[in-house]
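A.B. asks: Need a 3D model of the following:
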Amino acid sequence: MPIKHSKFDRFLLALNVAGLAFAVLIVVVPLIYVVVASFMDPSVLLSRGLSFHIADWTLDGYEKILTNPAMIRGFANAVLYSVSFALITVTVSIFAGYALSDHRLVGRRFFMTLFLITMFFGGGLIPTYLLVKELGMIDTVWAVIIPGAVNVWNIILSRTFFKGVPNELKEAANVDGASEAKIFFRIVLPLSKPIVFVLALYAFVGQWNAYFDAMIYLDNPNLHPLQLVLRSILIQNQVDPGMIADQLAMAEMKRLSEMIKYAAIVISSLPLVVMYPFFQKYFEKGVMVGSLK
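C.D. replies: Down below sits the predicted model:
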């Protein structure tokens, strides 16, 4: 039997639909603009706006990017940094969260308090830079990966998730003679796929979009991640000399820069777009379970 809604209920439903439609438009319209603009000739884009005629489209922007060593090297560096950062962050968060979720751990409140203090108090940029320098990590990949690898919020999420794992499972395995390590790897970890995938996604996306640490710690252009290469194109409006022949005029350089920046945005977003469908089934469950208790 269909539910009968009052006029006020129908008004609220219509208001919700309108709000959601507006939110979708805010997200989708810029995406469509960037994707279409990445295929367009900049002169047509600047003079007439978006055009869906194939004759006004070109693949020159993608060709310049995919054949430029700096962009390819930056893409490879970004993948290396993001994957390494995600692996270290998830490993540390899972192990620390599991230990802190066990009431048998001596001093767990003390350790948790130390972790929480770091969320509210920090030394700042200059002391952090001096520490990284004294550790000999300047101009190395570790300067980008190590400093932010321990995330207290991720540890709290992991601890909360592990508290929700039934103790009966661990007690039964303990009775059967399983060690603590075997209980974790054989029983607890297979049940923890939602939180593992959520933390991995958080870490990968955060590191993929980051450029400030690389800008501060890395002087060698060969170590620059993709986002730092894009920064020079999008913010400084500079294009690598390898993308432009010497005989081209400044106007052509500006035109090429305009064309490349949209294609660069699309290419830099592809890994995240490809990843999300595989993580989506774990995402909601991991976030919701990690927020309980």
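A.B. asks: Excluding residues flanking it in the chain, which one is nearest the most centrally placed residue in the chain?
C.D. replies: Nearest residue to the geometric centre of the chain (Cα atoms, centre = their mean): Val205, 0.7 Å. In this structure, Val205 finds its nearest non-sequential neighbour in Leu272, 6.0 Å apart by Cβ to Cβ, 6 or more residues apart in numbering. To be clear about C-beta, it is placed using only N, CA and C from the backbone, and glycine gets the same treatment.
A.B. asks: So the one you found, which state does it fall into?
C.D. replies: For Leu272, the assignment made with DSSP: H, G, I helix; E, B strand; the rest coil gives helix.
A.B. asks: what about it, how many neighbours?
C.D. replies: 14 (other Cβ atoms under 10 Å).
A.B. asks: That one contacts Gly206, doesn't it?
C.D. replies: No: when contacts are counted by Cβ atoms under 8 Å, Leu272 is not listed as touching Gly206 (11.0 Å).
A.B. asks: that older thread, quick check: the gap between the residue nearest to the centre of the chain and Leu87.
C.D. replies: Counting by Cβ to Cβ, to the nearest Å, the separation of Val205 from Leu87 is 14 Å.
A.B. asks: Report the residue spans of the protein with pLDDT below the cut-off.
C.D. replies: 1-5, 43, 45-49, 233-258, 279-293 (pLDDT under 70).
A.B. asks: Let me see the ranges of the helices in it.
C.D. replies: Ranges of helices in the chain, per DSSP state H, are 7-39, 42-48, 60-66, 69-101, 108-120, 125-134, 142-145, 152-163, 167-175, 180-183, 193-208, 212-217, 226-234, 250-290.
A.B. asks: Tell me which of those helices sits nearest to Ile54.
C.D. replies: Closest to Ile54 of the helices of the chain, according to Cβ to Cβ: helix 7-39, at 9.2 Å.
A.B. asks: Buried residues, the closest one. List them.
C.D. replies: Under the neighbour-count criterion of 16 or more other Cβ atoms under 10 Å, helix 7-39 has Val36, Ala37, Ser38, Phe39 buried.
A.B. asks: now, which of those sits nearest Arg231?
C.D. replies: Ser38 (17.8 Å).
A.B. asks: Quick check, the closest one in contact with Glu63.
C.D. replies: No: Ser38 sits out of contact with Glu63 when judged by Cβ under 8 Å, with a separation of 11.9 Å.
A.B. asks: wait, what's in contact with the nearest residue to Ser93 once chain neighbours are set aside?
C.D. replies: Spatial nearest neighbour of Ser93, chain neighbours left out: Asn154 (4.0 Å); criterion: Cβ to Cβ, 6+ apart. Taking Cβ atoms under 8 Å, 6 or more residues apart in numbering as the criterion, Asn154 is in contact with Thr89, Val90, Ser93, Gly97, Leu199, Tyr202, Ala203.
A.B. asks: any chance of the helices of the chain in a markdown table, with distance to Ile54 too?
C.D. replies: Below are these laid out as a markdown table (distance: least, Cβ to Cβ, whole Å):
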| stretch | distance to Ile54 |
| --- | --- |
| helix 7-39 | 9 |
| helix 42-48 | 12 |
| helix 60-66 | 14 |
| helix 69-101 | 26 |
| helix 108-120 | 53 |
| helix 125-134 | 49 |
| helix 142-145 | 41 |
| helix 152-163 | 46 |
| helix 167-175 | 59 |
| helix 180-183 | 60 |
| helix 193-208 | 32 |
| helix 212-217 | 38 |
| helix 226-234 | 26 |
| helix 250-290 | 16 |
